[in-house]
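Asks: Turn this into a structure:
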Amino acid sequence: MEHSAFFTSPIGSEPAQEDALTKLELHQVEPHSDGKRRNVFIILPSAMVGGAERVAYNLVTALLADGHKVIVYSMTRGPGPLWPGLTEKPGFTHLASNAPSEKRGILDFLIRSKALRKHGPFDLLYTSHVHVNALASLALRFGLIKARRFVSRESTRIFDRYHGWRSWIYRAAYRCYGKQDLLLFQTEEMRQSLEEAIKLPEGMDLVITPNPVNLDGVDTAISQAPATPRSPNRFRIVFCGRLIPLKRLELLLEALAQLDNKRDWQLDILGDGPMQQDLSILAETLGLTHKVRFHGSVSNPYAYFAQADLGVLCSRIEGFPNVLLEMMASGTKQIISTPCTPAVRDLPDVAILNEATAQNLVALIARVMDHRPDCTEAYRSHVEAKHSIEGFTNTVFGEQVLAPKS
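Replies: The predicted model follows:
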C-alpha cells in the first residue's frame, strides 16, 4: 500500500504520479470507540512548519491515536519536515505538491480534485489560511469535494497585517467564503478585527477557541529525542518561527550582541525562510557566529524547547503565537514576548517586552540570566487547563470525537 504521494510537477503530472493519487489506498485501522471511524481531509498551504501547521499536526496526531483516518494535502513546496514521520501511522496519508508558488498550488489542486473526490465524502474538511479556506469553499460549492462538515481556521489578523493591494486580494478571497459550517478564531481580537474590516457571509458559526497543544505528543517527542550534551553553565536561548520580517529576529540578534562577552550563552534558531541568508550575515557581522546556530525547519522543536532556559518571540503582530504554548508545554524555563497580540498578556509569567528595542530586550535577557527563574510548573498547568487537544477537536467536529481519557 501507498500512504504518501509526492507530486514533482505542479501541472502536467507524469502518469505514474497521477496513478499514485488515483489508486491511493488507505491504512486499515480499528473503528473508533463509539463505533464510527471519521474520514478527515485537511488542506494546508504548504508542509513548511509554522503555527497553523503545528495546530493541524496536533489535531492529526490526536485523531490517529484514536483510530480515525486522515488525509493531509500540502499545496506547495513538497513534503516538508513535519509529516513524513507520520506516514507509517495506521490511517494516515500525506499528499504533497511540489508547486513552487500559491498560484501553481491552486492549479495543481484543481487538476487533482477529481482523484481527491474519490476518497470522500469526508466527515470533516479542515483548512487554514485565507486563500486555502476560500479555495476549499469554492470546491465544495462546485462539487469538486464532498464533506459533511467544513471548518476553517483564521491564522492571523489579516487586515491589521496587510494593506494596499494585498488587502484587496484578501477581500476578494473572503467573498468566496460561505460553505463553512464553522469559522475558528484564536482570540476575540481576531474576530473583531475581521468583522470590522469586512462583512462575512451569513450562515457560518464564528467560534473563538484557543490553540491546542497535544501534551501526550509533546511528552513523547521529548522522550524520544536523542540525548545531547550541554554545558551546565551555558544559558540556552531558543527562537522558533519563519525567518520573515514580521518575526523580527534581527532584534534578538542585535540585543544579544550587547551582552557582556563573559556571559556563556547559545541561541538555537529553529525555522527557515527568505531572510535566512541576511540573518546569517547579520550574526556574522555582529560577531555572534560561534554562539548562534541556524537549524532550519526541524520536526521535533520540543526537544530544543525542553532544554531552553529562555524562549524569545519578537513578532510585530500575530493571530496568536502557538509557539509560546509549545514552549510552555515542553519545559522552557522563562519566556519573553512582544505584545504581538493582546492575548499574550493572559499567559502566566511570560515577560512582556512593551517597547521592542534592542536595548530593552538585552536588559530583560540579562535580568533573566542573572536570576534564572523557573516557570515550568505554572506554564504546564496553564496549557493543561486552557489548551487541551480534546476540547479543540470536539469543537471542530461539533461533537465528542476523542475517547475520554481514563
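
Asks: can we go C-alpha only for contacts and neighbour counts from here?
Replies: OK.

Asks: And for the residue nearest to R38 when sequence neighbours are not counted, the neighbour number?
Replies: Excluding its sequence neighbours, the residue lying closest to R38 (C-alpha to C-alpha, 6 or more residues apart in numbering) is H68, at 5.2 Å. Neighbour count of H68, defined by other C-alpha atoms under 10 Å: 25.

Asks: My guess is H68 contacts G91. True?
Replies: Yes: using C-alpha atoms under 8 Å, H68 makes contact with G91 at a distance of 6.4 Å.

Asks: What residues does the closest residue to L353 other than its chain neighbours make contact with?
Replies: Spatially, and ignoring its direct neighbours in sequence, L353 is nearest to T338 (4.8 Å; C-alpha to C-alpha, 6+ apart). In this structure, T338 makes contact with 313-316, 352-356, judged by C-alpha atoms under 8 Å, 6 or more residues apart in numbering.

Asks: cool, and D160?
Replies: S193.

Asks: ok, 7 Å please
Replies: For D160, no contacting residues are found, by C-alpha atoms under 7 Å, 6 or more residues apart in numbering.

Asks: Secondary structure element holding it?
Replies: D160 is located in helix 158-161, with elements delineated by DSSP states H and E.

Asks: mean confidence for the very next helix or strand once past that helix?
Replies: Downstream of helix 158-161, the first helix or strand assigned by DSSP H and E is helix 165-174. Helix 165-174 comes out with an average pLDDT of 91.

Asks: now the spatially most central residue of the chain, nearest residue through space, not along the chain?
Replies: In the chain, the C-alpha nearest the mean C-alpha coordinate belongs to G51, at 2.3 Å (C-alpha atoms, centre = their mean). With sequence-adjacent residues excluded and distances taken as C-alpha to C-alpha, 6+ apart, G51 is closest to N322, at 5.5 Å.

Asks: Wait, the one you found touches A52, no?
Replies: No: in this structure N322 lies outside contact range of A52 using C-alpha atoms under 7 Å: 8.1 Å.

Asks: Neighbour count: those two, which is higher?
Replies: For N322 versus A52, neighbours defined as other C-alpha under 10 Å are more numerous around A52 (23 against 20).

Asks: Could you pull up the contacting residues of the more buried one?
Replies: 128, 155.

Asks: do T332 as well
Replies: By C-alpha under 7 Å, 6+ apart, the neighbours of T332 are 305-311, 376.

Asks: and what of H131?
Replies: Applying C-alpha under 7 Å, 6+ apart, the residues near H131 are A173.

Asks: how far away is it from Y170?
Replies: Using C-alpha to C-alpha, to the nearest Å, one obtains 8 Å as the distance from H131 to Y170.

Asks: And the strands in the stretch 151-300 of the chain, which stretches?
Replies: 182-185, 205-208, 235-240, 265-270, 292-296 (DSSP state E, counting those that start in this stretch).

Asks: Tabulate those in JSON lines, adding columns for mean neighbour count.
Replies: What follows is those, written out as JSON lines (neighbours: other C-alpha atoms under 10 Å):
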{"stretch": "strand 182-185", "mean neighbour count": "23"}
{"stretch": "strand 205-208", "mean neighbour count": "15"}
{"stretch": "strand 235-240", "mean neighbour count": "24"}
{"stretch": "strand 265-270", "mean neighbour count": "20"}
{"stretch": "strand 292-296", "mean neighbour count": "17"}
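
Asks: For S97, find the nearest of those.
Replies: strand 292-296 (20.6 Å; C-alpha to C-alpha).

Asks: Give me the contact list for that closest one.
Replies: 266-272.

Asks: Export the residues you listed as JSON lines, with columns for pLDDT and distance to N360.
Replies: JSON lines is the format used below for the contacts of strand 292-296 (pLDDT from 0 to 100; distance: C-alpha to C-alpha, whole Å):
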{"residue": "Q266", "pLDDT": "96", "distance to N360": "20"}
{"residue": "L267", "pLDDT": "97", "distance to N360": "18"}
{"residue": "D268", "pLDDT": "97", "distance to N360": "21"}
{"residue": "I269", "pLDDT": "97", "distance to N360": "21"}
{"residue": "L270", "pLDDT": "95", "distance to N360": "23"}
{"residue": "G271", "pLDDT": "91", "distance to N360": "25"}
{"residue": "D272", "pLDDT": "90", "distance to N360": "26"}
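
Asks: Make JSON lines out of these and add distance to L184.
Replies: Listed next are those as JSON lines, based on distance: C-alpha to C-alpha, whole Å:
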{"residue": "Q266", "distance to L184": "37"}
{"residue": "L267", "distance to L184": "34"}
{"residue": "D268", "distance to L184": "32"}
{"residue": "I269", "distance to L184": "30"}
{"residue": "L270", "distance to L184": "27"}
{"residue": "G271", "distance to L184": "26"}
{"residue": "D272", "distance to L184": "27"}
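
Asks: just the residues you listed now: which is nearest R191?
Replies: Among the contacts of strand 292-296, and counting by C-alpha to C-alpha, the member closest to R191 is G271, at 28.0 Å.

Asks: Name the helix or strand of the protein that has the lowest mean pLDDT.
Replies: One helix or strand of the chain scores below all others by mean pLDDT, DSSP states H and E: helix 15-22, with a mean of 41.

Asks: give me phi/psi at the residue nearest to G51?
Replies: phi -60, psi -30 (degrees, to the nearest 10).

Asks: Same check on the one 4 residues further on?
Replies: Dihedral pair for E326: phi -70, psi -40, per degrees, to the nearest 10.

Asks: and if you look at the one 5 residues further on?
Replies: Reported as degrees, to the nearest 10, the phi and psi values for G331 are phi 110, psi 10.
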